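J.: got a sequence here, can you model it:
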Amino acid sequence: MRKLQLNPFVSKIVFVFGTANTVTVGIEHRKVMEEVKDILLSFHKRMSIYESTSEISSLNHMAGSSSLSISPEIYDLIRRSIAYSKLTNGAFDITAFPLKKIWQTAEQIPTEAQIHHAKKLVNYRNIVFSDNKIMLKYSGMGVDLGGIAKGFAVDKVVEFLKSRGTTSGVINFGGSVFVLGEERSVGIQTPFGKKGTYIGTIRVKNKAVVTSGAYENYRVINGTAYQHILDPHTGYPVNNELLAVTLIGAKAEELDALATGVCVMGIQKGYDLLKKRQIDAIFIKKDGSVLLTEGIKESFSFKEATYEA
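T.: Numbering: from 1, shown residues only. Reported below is the predicted structural model:
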């Protein structure tokens, strides 16, 4: 992002969800920062697959055997995750965890048999709800909220800041950004470029800006880089014309989930879905070209002339 113009301001960095999460507000609101930290740590402890005692880890451990009482916030988030799965025809699916596990640890390309076995465990329809309890229908299933957790947390922090009278600030959780109050410019990262180098900037006010892309995280196997976004339908890393997508809208949670889904769906299907949802987007293709939806053409500024809309 560009240097903030809050003057004076105070920032808080909290390392959760596998990244540095920054909240910046006017110095008159500095007292809320410790509460923000506590909120984020609480979400992390309850939602992370890397916390052995989290609600999600417990749910995964009990897959195929019994249901688990889930806190209302996480219960509702899982329900909304299923709604996003339906919107994207399964391109976004929190039950893709079995696939994630075999690709994350692979020293060689997983075999077709391994992919086939993991794919059988991936299906959001096999999450069973009963009162405040959730059960994963089959042993070996697993839920991972990594594709939606940061957006969820951004929205919760924005909600909290507003409740404390904060009228201006920036929340930046590793690619999920919310600009609260006065209009500011958010930089759109150049894929594979040095961190802080941008293809351009988008001016927003009281909106979220969420980016997902093939360049963000990848694993090299036998000299070939495989990106972290997996297609739940094929079981393999996504390989289409889309390098990255940035979504602009009201709620970071929705954008977080749909950004992943759009990366899987590709530009045309993704564009059709976003148009129905009235969400604007910046598509960066592998050939270096950039496509903008109509609603942001006046608020987006290219930094380099080599990129064309």
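J.: from now on I want contacts and neighbour counts done on CA atoms only, so please keep to that.
T.: OK.
J.: so which residues of the stretch 151-300 of the chain form strands?
T.: 169-173, 176-180, 184-189, 198-204, 207-213, 218-221, 224-227, 242-249, 280-285, 290-292, 300-302 (DSSP state E, counting those that start in this stretch).
J.: is it possible to get TSV of those that adds distance to Glu34 and mean neighbour count?
T.: TSV is the format used below for the strands of the stretch 151-300 of the chain (distance: least, Cα to Cα, whole Å; neighbours: other Cα atoms under 10 Å):
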stretch	distance to Glu34	mean neighbour count
strand 169-173	15	24
strand 176-180	19	26
strand 184-189	25	21
strand 198-204	27	19
strand 207-213	23	25
strand 218-221	34	14
strand 224-227	35	16
strand 242-249	28	23
strand 280-285	34	23
strand 290-292	38	17
strand 300-302	34	17
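J.: dump the ones you listed into a markdown table; add mean pLDDT and distance to Tyr236 as well.
T.: Below are those laid out as a markdown table (pLDDT from 0 to 100; distance: least, Cα to Cα, whole Å):
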| stretch | mean pLDDT | distance to Tyr236 |
| --- | --- | --- |
| strand 169-173 | 94 | 27 |
| strand 176-180 | 96 | 25 |
| strand 184-189 | 92 | 25 |
| strand 198-204 | 94 | 29 |
| strand 207-213 | 94 | 15 |
| strand 218-221 | 78 | 13 |
| strand 224-227 | 78 | 9 |
| strand 242-249 | 96 | 15 |
| strand 280-285 | 96 | 20 |
| strand 290-292 | 95 | 25 |
| strand 300-302 | 93 | 33 |
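J.: now distance to Ala118 too, for those, in TSV please.
T.: Output for those, formatted as TSV (distance: least, Cα to Cα, whole Å):
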stretch	distance to Ala118
strand 169-173	30
strand 176-180	29
strand 184-189	33
strand 198-204	37
strand 207-213	23
strand 218-221	19
strand 224-227	18
strand 242-249	25
strand 280-285	30
strand 290-292	35
strand 300-302	41
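J.: now Ile282, which residues is it bridged with?
T.: Beta bridges link Ile282 to Thr246, Leu292 when assigned by DSSP bridges.
J.: whoops, Phe178 was the one
T.: According to DSSP bridges, beta-bridge pairing links Phe178 with Ile171, Ala208.
J.: ok, now which ones touch it?
T.: 154, 158, 170-172, 206-209, 252 (Cα atoms under 8 Å, 6 or more residues apart in numbering).
J.: and for Tyr84?
T.: Each residue near Tyr84 by Cα under 8 Å, 6+ apart is listed here: 92, 254, 257-258.
J.: give me that answer again for 7 Å
T.: 92, 257 (Cα atoms under 7 Å, 6 or more residues apart in numbering).
J.: and Thr293, by the same measure?
T.: Thr293 makes contacts with 280-282, as judged by Cα under 7 Å, 6+ apart.
J.: now tabulate these in CSV and tack on distance to Ile296.
T.: Compiled in CSV, the contacts of Thr293 are given as follows (distance: Cα to Cα, whole Å):
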residue, distance to Ile296
Asp280, 7
Ala281, 8
Ile282, 9
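J.: Ser57: which of the strands of the stretch 151-300 of the chain is closest?
T.: Nearest of these to Ser57, taken as Cα to Cα: strand 169-173 at 22.3 Å.
J.: compute the inter-axis angle for that closest one and strand 207-213.
T.: 20 degrees (axes from the mean of the first three to the mean of the last three Cα atoms, to 10 degrees).
J.: need the residues that contact strand 169-173.
T.: With Cα under 7 Å, 6+ apart, strand 169-173 has contacts from 20-26, 150, 154, 177-181.
J.: can you tell me which residue is spatially central in the chain?
T.: Geometric centre of the chain, nearest residue: Asp256, 3.6 Å, by Cα atoms, centre = their mean.
J.: if I read this right, that residue contacts Ile148, doesn't it?
T.: Yes - applying Cα atoms under 7 Å, one finds Asp256 in contact with Ile148, separated by 5.3 Å.
J.: outline the domain layout of the chain.
T.: 50-136, 183-309 (automatic domain parsing).
J.: what is the rounded mean pLDDT of the first one?
T.: What it means is domain 50-136. Average pLDDT, domain 50-136: 96.
J.: quick one: that domain to chain centroid distance?
T.: Mean C-alpha position of domain 50-136 versus that of the full chain (Cα atoms, centre = their mean, to the nearest Å) differs by 16 Å.
J.: do the same with stretch 256-276
T.: 13 Å.
J.: ok, stretch 173-189 next?
T.: With Cα atoms, centre = their mean, you get 14 Å for stretch 173-189.
J.: start to end distance for it?
T.: 14 Å (Cα to Cα, to the nearest Å).
J.: please renumber the chain so that the first residue is 21 from this point on.
T.: Fine by me, first position is 21 from now on; the one you just mentioned is stretch 193-209.
J.: great, nothing more from me.
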